[in-house]
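Colleague: Compute the structure for the input listed below.
(chains A and B)
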2 protein chains.
Amino acid sequence: MPLKKVHPASKKKKAKKVNKSKKPPISVQGFRASGIACGIKRGRQKDLALILSDVPACVAGVLTKNRVKAAPVLFDQKRIPRGISRGVIINSGNANACTGKKGLADARRMVSITEDSTGSKRGQMLVSSTGVIGVPLPVEKITKGVTRLVKALSPTGWHTAAEAIMTTDSYPKTVWKRARIQSRTVTVVGIAKGAGMICPDMATMLAFFATDANITAPALKKALKGAVEQSFNNISVDNETSTNDMVLIFANARAGGKPIGPRSGGFSAFSRLLTELCLSLAHMIVMDGEGATRFIEFHIKGAATYKDARRAARALSGSLLVKTAFFGGDPNWGRIMAALGSSGIKMSPERVNIHFNKVPVVRGGLDTGKQKSAARAMKSRRVNVTVDLKTGKSSYRLWTTDLSRDYVSINSSYRT
Amino acid sequence: MPLKKVHPASKKKKAKKVNKSKKPPISVQGFRASGIACGIKRGRQKDLALILSDVPACVAGVLTKNRVKAAPVLFDQKRIPRGISRGVIINSGNANACTGKKGLADARRMVSITEDSTGSKRGQMLVSSTGVIGVPLPVEKITKGVTRLVKALSPTGWHTAAEAIMTTDSYPKTVWKRARIQSRTVTVVGIAKGAGMICPDMATMLAFFATDANITAPALKKALKGAVEQSFNNISVDNETSTNDMVLIFANARAGGKPIGPRSGGFSAFSRLLTELCLSLAHMIVMDGEGATRFIEFHIKGAATYKDARRAARALSGSLLVKTAFFGGDPNWGRIMAALGSSGIKMSPERVNIHFNKVPVVRGGLDTGKQKSAARAMKSRRVNVTVDLKTGKSSYRLWTTDLSRDYVSINSSYRT
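Modeller: Below you'll find the predicted structure:
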C-alpha cells in the first residue's frame, strides 16, 4: 500500500497562481462538483456549492456536538444513518442556525429542489450551511440558483466548490490523493472551509470528501471517525464545536474490488489515507487562522496520562497570554508555565523542560539563558513548542496559531 | 449597622486629578503604608510597597491555586496559618516565579531585612511579588531600598503603596469605608492591582486590606474567604489563577470592643463591609482590563443548577468571538447562542431570551428584529447581558470586558 505524497491543490501564497497553473485538475471517478454565486453574499462572491455522485453512494458524517444545532445539522442527523446518499448542497454567507421552524423548512426545501434538479431519489441529498447565525436564510436566492448550479457540475469542479463554501477563509482548501488498496487504485478528494481555529469552539469547520473506494457504510463511518479524531479534533478545544460543524464522506465504489469492511484487509490502508488528507486540511485551516501570523504545534511529552497531555495542550492553545506572546515573538515562557500550572494536570514545576523548535528555553523549571535564540525561533512562521513534563509517558500534539490584532479586527466587524 | 457609601479613592479618568484633590486622605488607625521606586522597573516608576501594622495583627489570606506557585506564595503559605503578622512587603516588575531555590532565598531575604528595618519580630512579615515570570529577582535593589521604604511609611500612604504595586494597571486602586459594628467605628482600607481580567486565569491579581476591627483570626479567615468568593472569584474563570495571586487582610483590633468571632454578632456586618470593598476593587480591576473599552455583566437566569449558571457565564466571558463582538459593538447574538450551546449546560435553544441592557435581542431563541437598538446598547461603556435559559431557577453574575486590538498590543509586547 504505497501512499503517495499529498497534493494540496493550493497554498496560501500561491492561491491565485494555482488557479491558473497547469497542475492536473482534481477528480475522482463518478463524482462531479460545482460552485456558483447565487446572491447570498455581496458582489459576485461564490456562495453555493454542490457535490454529486452519479450513483447512490455510501455516506458517513461527523456532526457538531453543540446543543444549539443549525437547521441543516438537524436535518442531516436524521438522514445520514440511512448510509446512502447522492451528495450535498452547501451554502455560505448564512448559517441557517437559530432560525426556528422556518429554518428547518428552508433546509428541507434546499434539499428537495436539489433532488428534483439532479434526478436524485427523494431522501438521498444532504445539506450544509455556514455563515452568520440567527438571520433567516434567503432561500429564494438558493432555489433560483440551483438549476445553474447543477448545470455547472463538472468532474473537475472541486476547486470551484471549495471557493463557494468559504467565509473568512483567505483561500480555498482542497486535497486529493491516490493509493493502491487491495490491488485497486483508490482516489480520495477533500475540500474544507474554516479559518477561525484560534477560537475553534465556535468557528464553523466544514469538510467534504468523495472517494471511489468500494467500502461499506459501517467501515466508512469507522474510518471517518478515526480520521477526524486524529486531525480536526486536534485543532479544536474540547468538544466545543460550532452550530454548523460537519464532516461528510461519500464513497461510490467505482474503484471496484471487494467491498472494504471494518475488519477487512484494506481498512487500515484506507483509514491511513483518509487520516492523512484530514490532517492536511486541518493544518490548512490552522494556517489560514484568522489574522494568524504563525503556525504553532504544542507537543506535550512525559505527561502522567493521555488526558493530562491533552488538557495541557489545550490549556496552552486556549491561553490568550500565550497566544499573544507568540504574536509578539516574545519568549515569555512564564506564561506557558502559568497556563500549565492552572490546567489542573499533575506536574512538578522543577522538572519541566521546554523547547521552542530546537532551542532549550526551560530546563528543570528554570530559564536556560537562551532568550535570544528562543526569540528567533518564535519568530519563524512555524514554531514547535515541546513541553516535557517528566512525570509519565503520555503525549499529545495540537496545532494552533498566534493571536494577532488582525484577529480582533476581523471578528469585531465580521458582519459589517 | 449603617453602611456608608463606598469611596473609591480614584477612578480611571480622574486618576491624576484625584492625586491632587482635597479628598480626605485614607487612613486606618495603627497602620502605615508606603511606596517607592527602587529600580526594578525602568525610569522612576514606583515598584516597592510596604504595609505595616504598629502592633502584631491578625492575618488571613487567600492564595493562588495554581500548581506553579511563585516563591513569595510558597513562603507566605507556611507563615499565614500562624494567624499573626505585622504586614507585607510587595514588589512589582518581577514575579519571582519559576526562579527555583534562589527565588525562595530571595523572598526570605526580602522578609528578614524588612523585619529588621521595621523592628518586627522574626516570623511576622509577609511578602508578595508581581511582574514577569522566570527572571531572577534583583534582590539587591530591593534590600537597598528597604530603609527608604520604611522611612516613607505614613498613615496616609495607601495611595502611594497602591501605585507601587501596579503593573499594566492604568491607575492605582484603593477603597476605604467606615461602619458602626457592635457600637464601634470600624474602618477597612484596601488596595489592589490587576488589569488583565480578560484573561483572568493568569493575570496576577493582588489585594491587601487593613482594618482596625477587633476580630479573631478564624473569623477574619472566614470573612475573607466569603468576600473573595463573591467578588474576585466572579471576575475569574474557574480556579485558574496566576502564579502570584494573593489577597491578604490584617486586623489590629485598634477599634476596640469585644472580639468578633465567626459566630458572634458583628460578624455578618463585618463580612458585608469587606465583601462590598472586595466587589468595588474587583469591578475596578475589570474596568481597568487591558485594552478594555466596555464593562460587561453576564447575568445568567433560569438555569437548571447554580453550576450550569456559572458555567454558562464563564463560557460567555471566555469566548473570543463574543468578546470581539462587544468590542465592535456588533449585536451578533448567534455567537452567544453558540457559546451557550457548547458549554455543556442543560438548555433548549427555543426557550432562550437575551437582553442587552433593556433591549430584547432574542426571544424564544429567535431574533427580535431590534438589531439597531441592540447595537446602540452594546456601544455603551457598561453593558448588562441578561440570558434567561428558562429551564430552572438558578442564576449567576460575572463581570468581564470586551477584547480589543489594544489587548493584543499590550500583551504581545509586555516585556519589550
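Colleague: shouldn't A:Gly257 be in contact with A:Asn214?
Modeller: Yes: the pair A:Gly257 and A:Asn214 qualifies as a contact (C-beta atoms under 8 Å) at a distance of 5.4 Å. Glycine gets a C-beta too; all of them are placed from N, C-alpha and C.
Colleague: Which one of these two is surrounded by more residues?
Modeller: A:Asn214 (21 against 16; other C-beta atoms under 10 Å in any protein chain shown).
Colleague: Report the contact partners of that one.
Modeller: By C-beta atoms under 8 Å, 6 or more residues apart in numbering or on different chains, A:Asn214 lies in contact with A:184, A:251, A:253-260.
Colleague: hang on, the earlier thing: overlap in contacts of A:Gly257 and A:Asn214?
Modeller: By C-beta under 8 Å, 6+ apart, the residues touching both A:Gly257 and A:Asn214 are A:Arg184.
Colleague: now the closest residue to A:Ser404 other than its chain neighbours, what's its secondary structure?
Modeller: Closest residue to A:Ser404 in three dimensions, ignoring its sequence neighbours and counting by C-beta to C-beta, 6 or more residues apart in numbering or on different chains: A:Gly291, at 4.1 Å. Secondary structure assignment for A:Gly291 (DSSP: H, G, I helix; E, B strand; the rest coil): coil.
Colleague: Count the neighbours of A:Gly291 for me.
Modeller: With other C-beta under 10 Å as criterion, A:Gly291 counts 21.
Colleague: now swap in A:Pro360 and tell me
Modeller: By other C-beta under 10 Å, 15 other residues sit near A:Pro360.
Colleague: Which residues belonging to the helix or strand encompassing it are considered buried?
Modeller: Under the criterion DSSP states H and E, the helix or strand holding A:Pro360 is strand A:359-363. Across strand A:359-363, burial judged by 16 or more other C-beta atoms under 10 Å in any protein chain shown covers A:359, A:361-363.
Colleague: rewinding a little: just checking, the residue nearest to A:Ser404 touches A:Asp406?
Modeller: Yes: A:Gly291 is within contact range of A:Asp406, at 3.2 Å (criterion: C-beta under 8 Å).
Colleague: So A:Lys121 belongs to a strand, correct?
Modeller: No: with three-state DSSP as the criterion, A:Lys121 is coil rather than part of a strand.
Colleague: check contacts around it.
Modeller: A:Lys121 neighbours (C-beta under 8 Å, 6+ apart): A:56, A:86, A:115.
Colleague: So which of the residues you listed sit within strands?
Modeller: Of those, the ones assigned to strands by DSSP state E are A:56, A:86.
Colleague: and the contacts of A:Lys121 as TSV, adding neighbour count?
Modeller: As requested, those are arranged in TSV below (neighbours: other C-beta atoms under 10 Å in any protein chain shown):
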residue	neighbour count
A:Pro56	17
A:Arg86	24
A:Glu115	18
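Colleague: Out of the contacts of A:Lys121, flag the one nearest to B:Leu104.
Modeller: Here the nearest of those to B:Leu104, counting by C-beta to C-beta, is A:Arg86; it sits at 68.7 Å.
Colleague: per-residue confidence at A:Arg178?
Modeller: Per-residue confidence (pLDDT) for A:Arg178: 94.
Colleague: From the chain's centroid, how far away is the strand holding A:Pro360?
Modeller: With C-alpha atoms, centre = their mean, to the nearest Å as the basis, strand A:359-363 stands 32 Å off its chain's centre.
Colleague: Give me the helices and strands touching that strand, please.
Modeller: strand A:353-356, helix A:371-378 (3 or more C-beta pairs under 8 Å, 6 or more residues apart in numbering or on different chains; DSSP states H and E).
Colleague: repeat that for 10 Å
Modeller: helix A:334-341, strand A:353-356, helix A:371-378, strand A:382-388 (3 or more C-beta pairs under 10 Å, 6 or more residues apart in numbering or on different chains; DSSP states H and E).
Colleague: what's in contact with the following helix or strand past it?
Modeller: Using DSSP H and E, the helix or strand that follows strand A:359-363 in sequence is strand A:366-367. Strand A:366-367 is contacted by residues A:331, A:333-334, A:349-350, A:352, A:354, A:361, A:374, B:98-103, B:133-136 when judged by C-beta atoms under 10 Å, 6 or more residues apart in numbering or on different chains.
Colleague: chain center to strand A:366-367: distance?
Modeller: 37 Å.
Colleague: ditto for stretch A:393-401
Modeller: Distance, centroid of stretch A:393-401 to centroid of chain: 17 Å (C-alpha atoms, centre = their mean).
Colleague: Right, and chain B sits closest to which residue of the stretch 101-250 of chain A?
Modeller: A:Ile133 (2.3 Å; C-beta to the nearest C-beta).
Colleague: I'd assumed A:Lys69 was in contact with that residue.
Modeller: No: using C-beta atoms under 10 Å, A:Ile133 is not in contact with A:Lys69; the gap is 11.3 Å.
Colleague: Find residues that contact each of the two.
Modeller: Common neighbours of A:Ile133 and A:Lys69 are listed as A:97-98, A:242-244 (criterion: C-beta under 10 Å, 6+ apart).
Colleague: Check which helix or strand the spatially most central residue of chain A maps to.
Modeller: By C-alpha atoms, centre = their mean, chain A has its centre lying nearest to A:Ala282, at 4.7 Å. Element membership for A:Ala282 (DSSP H and E) is helix A:267-287.
Colleague: Report the buried residues of that helix.
Modeller: A:267, A:269-287.
Colleague: same deal with stretch A:46-62?
Modeller: Using 16+ other C-beta under 10 Å as the test for burial, stretch A:46-62 gives A:46-53, A:56-62.
Colleague: For chain B, tell me which of the residues you listed show up nearby.
Modeller: Near chain B, taking C-beta under 10 Å from any C-beta of the partner chain as the test, no member of the buried residues of stretch A:46-62 is found.
Colleague: Can you tell me which of those residues is nearest chain B?
Modeller: A:Val62 (15.5 Å).
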